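Asks: Sequence below, structure please.
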Amino acid sequence: MLKKKISDCVQQKNLYFYEDMARSKGHKIICGVDEAGRGPLAGPVFAAAVILPETFPSSLGGIKDSKKLTPKKRDEFYEKIVNVALDYAVASVSEKIIDKINILQATLLCMKKAISKLSICPDFIMVDGNKAPDICTSTQTIIKGDNLSASIAAASIIAKVLRDKYMIKIARLYPQYDFQKNKGYGTISHVLALKDKGPCCLHRLSFLKKVLG
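Replies: Residues are numbered from 1 along each chain as shown. Alright, predicted model coming up:
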């Protein structure tokens, strides 16, 4: 039991490795950024920017990439994150913009919008993946950053929870696609509904070409 507790402490300390490295170079306000909804056939892409305290919050023990958490755990972490974060902001970019400028550019735009909505101005930004939005602030991209940085993991959870809530809400208007279950992703039942009923205004037409031919 003692070894497990020590191991957990080391693991959580490592999740602040990139934050601590940035502070050792003189940066004081560190922000993590991540997106949710890059792959679905329908709905907007969401991005979140999160600034956590300088010291790792004990309440976030066990935090990780939102995709590796159950919906219940994501909701629990969401509440903890919004309570301990110094600041956070969320933005979305619609499916129509995704079709117009492609998903990569839409994701970068969404991240940029989320960062711009922060009340506290960060001086260092860590972004999940290998691409960062075009901003003046110093940035660092971290591949699989949602598993390596607490700030990015927190951003992934915020973005995922709020996008899921949006898709559940909008599902009432389009019950035939089961958005409340699939959140816009290309499940078998979703694809079958598309082939039977065709797309609605929430679908990313540029994505459907690969699915419907």
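
Asks: and the residue nearest to residue 149 when sequence neighbours are not counted, how many neighbours does it have?
Replies: Excluding its sequence neighbours, the residue lying closest to residue 149 (C-beta to C-beta, 6 or more residues apart in numbering) is residue 18, at 4.8 Å. Where you see a C-beta, it was placed from the backbone N, CA and C, and this is true even at glycine. When neighbours are counted by other C-beta atoms under 10 Å, residue 18 registers 21.

Asks: Contact partners for residue 18?
Replies: 126, 140, 142, 145, 148-149, 151 (C-beta atoms under 8 Å, 6 or more residues apart in numbering).

Asks: From those residues, which land in helices?
Replies: Judged by DSSP state H, the contacts of residue 18 include residue 151 as members of helices.

Asks: Same list, the contacts of residue 18, but as TSV with neighbour count and pLDDT please.
Replies: Formatted as TSV, these follow (neighbours: other C-beta atoms under 10 Å; pLDDT from 0 to 100):
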residue	neighbour count	pLDDT
126	26	98
140	16	96
142	20	96
145	24	93
148	18	93
149	29	95
151	31	97
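
Asks: Mind picking the one among the contacts of residue 18 that's closest to residue 44?
Replies: residue 145 (21.8 Å; C-beta to C-beta).

Asks: Would you work out how far apart the start and end of stretch 122-134 are?
Replies: 15 Å (C-alpha to C-alpha, to the nearest Å).

Asks: tell me which of the contacts of residue 18 is nearest to residue 66?
Replies: Once C-beta to C-beta is applied, the member of those that ends up nearest residue 66 is residue 145, at 12.2 Å.

Asks: For residue 200, see how far away the closest one is.
Replies: Applying C-beta to C-beta, to the nearest Å, the value for residue 145 to residue 200 is 33 Å.

Asks: and the nearest residue to residue 103 once chain neighbours are set aside, what does it touch?
Replies: Using C-beta to C-beta, 6+ apart and skipping residues adjacent in sequence, the residue nearest residue 103 is residue 38, 5.9 Å away. When the contact criterion is C-beta under 8 Å, 6+ apart, the partners of residue 38 are 45, 103, 107.

Asks: Give me the distance between the closest residue to residue 194 other than its chain neighbours and residue 95.
Replies: Of all residues not flanking residue 194 in the chain, residue 212 sits nearest, at 6.3 Å (C-beta to C-beta, 6+ apart). Per C-beta to C-beta, residue 212 is found 16 Å from residue 95.
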